[in-house]
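[1] Dropping the sequence and predicted coords here.
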Amino acid sequence: MGLVLFYILGGITIVAALGVVTTRNIVYGALFLLVSLMGVAGLFVVLFAEFLALVQLLIYGGAIIIVILFALMLTRETDFSIATEHRRWPVAAVVSLALFGLLASSAINDSSLYNSDRRSGIGIEELGTGLFENWAVPFEIASIVLLVALIGAIVIGRSGDEEDGGQA
């Protein structure tokens, strides 16, 4: 049952990831990204990594998608149309497929190293000790960087409104 669920969630993740890169509407791209990140969280649950699934949903699925949508709301429509019209997408598609092939072949070649019949998770006490003793400062630095980026987006968005005379 676990293997079937793994393949279903993997398929959903891959289809949503393809939707991210193929859609022309950037809001739909953000929603496809959310579905893809939720699929990855489901894969983490299947692989007995519940904490990573929770982090995936809360940080990436929640906060990052909201920041992306917030940045979209602050972007002018004219800036958008110029950025989405490009002719280099075939080169990007070939490079993406080559990178996917490289990653897939390395994962298949190394899969025998990671196969085991016994699955185990990490204890909550060990996880908490590791997070709050070893990773507390990097986590706080990352949160400060995200806060500064959000404040910068607000400042850039407001400075554009003042140039237009405050009219939307």
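    Looks like it came in fine.
[2] Could you use CA atoms for every contact and neighbour count after this?
    Noted.
[3] Tell me how many other residues crowd residue 35.
    When neighbours are counted by other Cα atoms under 10 Å, residue 35 registers 21.
[4] how much space between residue 42 and residue 13?
    Distance of residue 42 to residue 13, computed by Cα to Cα, to the nearest Å: 9 Å.
[5] ok, residue 58 - how many residues close by?
    Neighbour tally, residue 58, other Cα under 10 Å: 13.
[6] for it, what are its contacts?
    For residue 58, the contact set (Cα atoms under 8 Å, 6 or more residues apart in numbering) is empty.
[7] Tell me the confidence at it?
    As predicted, residue 58 sits at a pLDDT of 84.
[8] so it, which of the three states?
    Look at residue 58: counting by DSSP: H, G, I helix; E, B strand; the rest coil, its state is helix.
[9] measure it to residue 66 for me?
    According to Cα to Cα, residue 58 and residue 66 sit 11 Å apart.
[10] For residue 47, give me phi and psi.
    Per-residue torsions, residue 47: phi -90, psi 20 (degrees, to the nearest 10).
[11] got a pLDDT number for it?
    With respect to pLDDT, residue 47 scores 84.
[12] how close does it sit to residue 38?
    Applying Cα to Cα, the value for residue 47 to residue 38 is 14 Å.
[13] Over to residue 147?
    From residue 147 to residue 38 the distance is 24 Å (Cα to Cα).
[14] what about these two, which has more around it?
    Between residue 147 and residue 38, counted using other Cα under 10 Å, residue 38 has the larger neighbour count: 23 against 12.
[15] from what I can see the more buried one touches residue 59, true?
    No. Between residue 38 and residue 59 there is no contact under Cα atoms under 8 Å: 11.2 Å.
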